[in-house]
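Participant: With the input below, show me the fold.
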Amino acid sequence: MMRPVSTESWGAPVARQEKLPQAYRSRYYARLACRAMQTEARLTPKPGLVDGRNTGAHKDMALPDFLRSASEIALIFPLFFEEGAASAVCDPDCVLARLKPIGLRCETEMLQATGGVNTHKGAIFTLGLFCAALGRHEALGQPLTPNALAATVSTFCHGIVERELVELRGRMPLTAGQRLFISAGLTGARGEAQAGYPLVIDHALPRYRQLRREGLSEELALLNTLLLIMSRNDDTCVASRGGINGLRWLQRQAQQLLNDGGIHSPENLTRLQQFDDHCITRNLSPGGSADLLMLTWFLSHFHQEERQ
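Facilitator: As a prediction, this is how the structure comes out:
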């Protein structure tokens, strides 16, 4: 099992960063995003995913690729925050187009770091959006809370499902995500972003925080939260490998582990390892759920939304 990752060395809580220079804040959030990617990568065991135990359902990538990729991407991530701050004078629905060149630059760095392997494309999209939302909120003096940031991300991505999935019916060539939307109605990362990441905001983040308050270690809290996400997420990474039947099987298996009490003991960890083995046999990798777990960890460092 992995050694729990301490975040104490990453400085003061996020809310205390507000009065520091923008260049420092942009680097702070970039490092936090990097740490989110590396924390998820090291988390072990994860069903079907690359971790410290094995390479999951993948033959072209391993843990060092993920750690190296995250470090290289983090060098570009301050630009998301800076562009978000600069966009404060613009309507939010124009921001996504301004972020795209930064995302493509991150992908280039990722591919160079890994020898052409896609380790973090989904994470670049998700965490990049939230870093941009942070920049915009700080520029406008708006709250730095998960709910407020997610609402802004939703406005950034308004209409993305229609533009990139619905309106592309019949066009060729199609991406894997577009094919799954046409065949099964799955909206994937685009749908989560357009909706403001409800699976994270309404379910994963509250559950992770609850488990931490109850005294569960960061590692075990993350593993249980990952199972929760997997049980509810219509993960296009899984569906692209195993079809809808494979996706529903994975969701049922994750839910069964939660129904049996989750991951709190060595016996539970053995069952999680067996789940991992079965995912590998079925060639299933819940990469979309891993991205949502990264976001959950990232947002756990921000203040709770005050109760109304």
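Participant: With just CA atoms, put the longest helix seen in the chain into CSV.
Facilitator: The longest helix of the chain (DSSP state H) is helix 236-259. Coordinates of each C-alpha in helix 236-259 appear next as CSV, following Å, rounded to 0.1, in the frame of the first residue of the first chain:
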residue,chain,number,x,y,z
THR,A,236,-16.8,6.6,-21.1
CYS,A,237,-13.3,5.2,-20.6
VAL,A,238,-14.9,2.0,-19.3
ALA,A,239,-17.6,1.9,-21.9
SER,A,240,-15.1,2.4,-24.7
ARG,A,241,-13.3,-0.7,-23.6
GLY,A,242,-16.1,-2.9,-22.4
GLY,A,243,-19.3,-1.5,-23.8
ILE,A,244,-22.3,-0.7,-21.7
ASN,A,245,-22.3,-4.2,-20.3
GLY,A,246,-18.8,-3.7,-19.0
LEU,A,247,-19.7,-0.3,-17.5
ARG,A,248,-22.7,-1.7,-15.7
TRP,A,249,-20.6,-4.7,-14.4
LEU,A,250,-18.0,-2.3,-13.0
GLN,A,251,-20.6,-0.1,-11.4
ARG,A,252,-22.3,-3.1,-9.7
GLN,A,253,-19.0,-4.4,-8.4
ALA,A,254,-18.1,-1.0,-6.9
GLN,A,255,-21.5,-0.6,-5.3
GLN,A,256,-21.3,-4.1,-3.8
LEU,A,257,-18.0,-3.3,-2.1
LEU,A,258,-19.6,-0.2,-0.7
ASN,A,259,-22.7,-2.1,0.4
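Participant: roughly how far out does the helix or strand following that helix sit from the chain middle?
Facilitator: For helix 236-259, the succeeding helix or strand toward the C-terminus, using DSSP states H and E, is helix 266-282. On the basis of C-alpha atoms, centre = their mean, to the nearest Å, helix 266-282 sits 22 Å off its chain's mean C-alpha point.
Participant: Please could you give me each C-alpha atom of helix 266-282, formatted as CSV?
Facilitator: This file holds the C-alpha atoms of helix 266-282, laid out as CSV (Å, rounded to 0.1, in the frame of the first residue of the first chain):
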residue,chain,number,x,y,z
PRO,A,266,-6.9,-5.6,5.3
GLU,A,267,-9.7,-8.0,4.3
ASN,A,268,-11.5,-5.2,2.4
LEU,A,269,-8.2,-4.4,0.6
THR,A,270,-7.9,-8.0,-0.5
ARG,A,271,-11.3,-7.7,-2.1
LEU,A,272,-10.3,-4.5,-3.8
GLN,A,273,-7.2,-6.2,-5.2
GLN,A,274,-9.4,-8.9,-6.5
PHE,A,275,-11.7,-6.3,-8.1
ASP,A,276,-8.5,-4.9,-9.7
ASP,A,277,-7.6,-8.3,-11.1
HIS,A,278,-11.0,-8.8,-12.6
CYS,A,279,-10.9,-5.4,-14.2
ILE,A,280,-7.6,-6.2,-15.7
THR,A,281,-8.9,-9.5,-17.1
ARG,A,282,-11.9,-7.6,-18.6
